[in-house]
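Asker: Based on what follows, work out the 3D shape:
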Amino acid sequence: MKKFIAIFLVVIFSLMLCGCNRQIIDTTYHFNYGIIFLPDGSTIEGEVALWDDYENSDMIQVKIDGVTYLTHSANVILEHR
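Answerer: Numbering: from 1, shown residues only. Model (predicted):
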């Protein structure tokens with residue numbers, strides 16, 4: 001019976017983590033379109049050639065139309081179309 005309760009609690013906890021539009025394991029690593037918001041209020045949109053995020057940082061590097069942009073991840077939207 002204790003084993004059943006433990007499994008039940010693990011399942012409920014897992015569902016609570018997933019219930020807020022979140023994934024337990026994110027497996028999307030390919031993005032082909034991006035929007036970058038610049039400090040002057042303008043935006044850059046286009047096909048993403050390359051992108052890279054940094055493990056211990058909120059910075060992200062995105063290459064669109066041959067230009068590489070380094071910015072905070074809050075200023076970038078990456079999409080898989």
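
Asker: where along this structure do the helices fall?
Answerer: If DSSP state H is used as the criterion, the helices of the chain fall at 2-18.

Asker: which stretches of it aren't confidently modelled?
Answerer: Applying pLDDT under 70 to the chain flags residues 15-28.

Asker: excluding its backbone neighbours, what's nearest residue 81?
Answerer: residue 33 (5.1 Å; CB to CB, 6 or more residues apart in numbering). Bear in mind the C-beta positions are built from the backbone N, C-alpha and C, glycine included.

Asker: from what I can see the one you found touches residue 64, true?
Answerer: No - using CB atoms under 8 Å, residue 33 makes no contact with residue 64, being 9.1 Å away.

Asker: residues bridging contact with the two, i.e. touching both?
Answerer: 45, 46, 47, 48 (CB atoms under 8 Å, 6 or more residues apart in numbering).

Asker: contacting residues for the first one?
Answerer: Under the criterion of CB under 8 Å, 6+ apart, the neighbours of residue 45 are 33, 34, 35, 36, 64.

Asker: Among these, which pair sits farthest apart?
Answerer: The distance between the two most remote of the contacts of residue 45 (CB to CB) is 11.3 Å, for 33 and 36.

Asker: Who has more neighbours out of the two?
Answerer: For the pair residue 33 and residue 36, the greater number of neighbours falls to residue 36 (20 against 14), based on other CB atoms under 10 Å.

Asker: The more buried one: what's its closest spatial neighbour, skipping adjacent residues?
Answerer: That would be residue 44: by CB to CB, 6+ apart, it lies 4.4 Å from residue 36.

Asker: That neighbour reaches residue 33, doesn't it?
Answerer: No - using CB under 8 Å, residue 44 makes no contact with residue 33, being 11.6 Å away.

Asker: measure the residue nearest to residue 73 when sequence neighbours are not counted to residue 5 for me?
Answerer: Leaving aside its chain neighbours, residue 73 sits nearest to residue 60 (4.6 Å; criterion: CB to CB, 6+ apart). From residue 60 over to residue 5 the distance is 43 Å, taken as CB to CB, to the nearest Å.
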